[in-house]
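[1] What follows is a predicted protein model with its sequence.
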Amino acid sequence: MSPSPRLPFRFRPRSTLALWSLVLAVAGCDGLSSRTLPVPDAGACVSGNCPQPDSGTPPEPSGPRVRIAAFNVHRLFDTVCDTGSCGGSNYEELPTAEQFAAQVDQLGRAITPLDADIVLLEEVETQDSLNGLLGRVPQFEYSKLGETYSAASVDVAVLSRHPIIETRSHRSQYIYRPDGSATRFSRDLLEVHLDVDGTRVIVFAAHFRSKVDDDPGRRLAEANASREILLDSAKEFPAALVVLGGDLNDIPGSDPINALDQGLLRVAKDRPDNETWTYFYSGRGQAIDHLYLAPGGGAYVPGSYRVAREATGGYGGSDHGAVYADFALTPPP
């Protein structure tokens, strides 16, 4: 018998905050809130991934904007062994202090030129891991880790230039596979509400079930539940910009991505397929990291979606590229 569904657990904590060495040239990060952001140009792209002019692009929304990025930083473990079996062939890595410092240095140098206001992260082990990274990206004064409280968990997190006013966790919520069996999110679906100069912006950091020892029904359950949670959030806060981003471990045309596409806008849809891949697998690039917009108070800036990656794939020492896009805080008239 399947367990009965329960309402999402809510909490309101106090706000707190080498694979390749080529990274983006550092772009200016002025830290100004609600600034009008340019569509990324050749000064903020990587070799082989520079944007091309669009034809027939709809007019851009007016008003203030925010740039939101999502980045799987790839196994950001701290220097403490929590499982008792670390390093070598064990799942939990145990970097030295020097190795950890080198990793967060490289990640910081990759995140900064994205010039994002909000960054959704995946594969952050602990608060100490996050703190190490925060020391390299001081422009982000606010942060939240979606901790699942299991040893050697690789969790989601949010970095923000803007104050956090509320957080909600969905890790305890029952979700359902197509066969009716109950499960939960693989990692927390972390919901963070931000005050961007008086406008509420709601972001969801997601990392769906991987295809290692695959459980596709669970990934589909995560997609269906995430869609409904975002739509509910948009109804609760109709004037808010509501965005989901992260490593969803599936490609356009798959059942989970199709499920999200029913009711949400996958903002990469207006970019050519050869520009949207984020992960290199079996000899080809796959788009498995995504950004989604819920209908409501904000708008996607057409043509602004980009993937930051090095010419051979990966970014900042990760095996994933970072995705980012600009969003207007108010919908078009």
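    Structure received.

[2] helices or strands up against the helix or strand containing R67?
    Using DSSP states H and E, R67 maps to strand 65-76. Applying 3 or more Cβ pairs under 8 Å, 6 or more residues apart in numbering; DSSP states H and E, we find strand 65-76 packed against helix 97-111, strand 118-124, helix 127-134, strand 199-207, strand 241-247, strand 289-293, strand 322-328. Placement of C-beta: from N, CA and C, glycine included.

[3] want to try CSV for those, with distance to A225, mean neighbour count and mean pLDDT as columns?
    Shown next, in CSV, are these (distance: least, Cβ to Cβ, whole Å; neighbours: other Cβ atoms under 10 Å; pLDDT from 0 to 100):
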stretch, distance to A225, mean neighbour count, mean pLDDT
helix 97-111, 29, 19, 98
strand 118-124, 18, 28, 99
helix 127-134, 25, 20, 98
strand 199-207, 10, 25, 98
strand 241-247, 11, 28, 98
strand 289-293, 13, 25, 98
strand 322-328, 22, 27, 98
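
[4] The stretch 151-300 of the chain: strands as residue ranges?
    Taking DSSP state E, counting those that start in this stretch as the test, the strands found in the stretch 151-300 of the chain are 155-160, 164-168, 175-176, 182-183, 190-196, 199-207, 241-247, 265-266, 279-281, 284-286, 289-293, 299-300.

[5] Could you spell out the sheet neighbours of the fifth one, each with its direction?
    Okay, so that is strand 190-196. Using DSSP bridges, the strands paired with strand 190-196 are strand 164-168 (antiparallel), strand 199-207 (antiparallel).

[6] Kindly reformat these as TSV containing distance to S129.
    Formatted as TSV, the strands paired with strand 190-196 follow (distance: least, Cβ to Cβ, whole Å):
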stretch	distance to S129
strand 164-168	18
strand 199-207	15
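
[7] Let me know which of these is the nearest to Q262.
    Between Q262 and these, the tightest spacing by Cβ to Cβ is seen for strand 199-207, at 16.5 Å.

[8] Please compute how far that closest one lies from its chain's middle.
    Distance of strand 199-207 from its chain centroid, counting by Cα atoms, centre = their mean, to the nearest Å, is 9 Å.

[9] Give me the neighbour count for G253.
    9 (other Cβ atoms under 10 Å).

[10] can you put the helices and strands packed on strand 65-76 in a markdown table and add distance to P178?
    Converted to a markdown table, these look like this (distance: least, Cβ to Cβ, whole Å):
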| stretch | distance to P178 |
| --- | --- |
| helix 97-111 | 37 |
| strand 118-124 | 25 |
| helix 127-134 | 35 |
| strand 199-207 | 19 |
| strand 241-247 | 21 |
| strand 289-293 | 21 |
| strand 322-328 | 28 |
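
[11] Point out the one among these that comes closest to R171.
    Nearest of the helices and strands packed on strand 65-76 to R171, taken as Cβ to Cβ: strand 199-207 at 11.6 Å.

[12] now the angle from the closest one to strand 322-328?
    160 degrees (axes from the mean of the first three to the mean of the last three Cα atoms, to 10 degrees).

[13] Only alpha carbons, please: show strand 199-207 as PDB.
    In PDB, the C-alpha atoms belonging to strand 199-207 read as follows (Å, rounded to 0.1, in the frame of the first residue of the first chain):
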ATOM      1  CA  THR A 199       9.800  42.100  -6.400                       C
ATOM      2  CA  ARG A 200       9.500  38.500  -5.300                       C
ATOM      3  CA  VAL A 201      11.600  36.100  -7.300                       C
ATOM      4  CA  ILE A 202      11.200  32.400  -6.600                       C
ATOM      5  CA  VAL A 203      13.800  29.900  -7.700                       C
ATOM      6  CA  PHE A 204      13.900  26.200  -7.500                       C
ATOM      7  CA  ALA A 205      17.300  24.400  -7.500                       C
ATOM      8  CA  ALA A 206      16.800  20.800  -8.900                       C
ATOM      9  CA  HIS A 207      18.900  17.700  -9.400                       C
END
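
[14] shaky segments in the protein?
    Along the chain, the model assigns pLDDT under 70 to residues 1-59.

[15] For it, give the helix that spans the most residues.
    helix 216-236 (DSSP state H).

[16] which outside residues touch it?
    In this structure, residues lying in contact with helix 216-236 by Cβ atoms under 8 Å, 6 or more residues apart in numbering are 8, 170, 173, 175-179, 181, 183, 185-186, 189, 191, 202, 204, 206, 208-209, 240, 242, 244, 248-250, 255-257, 259-260, 262-264, 292, 294-297.
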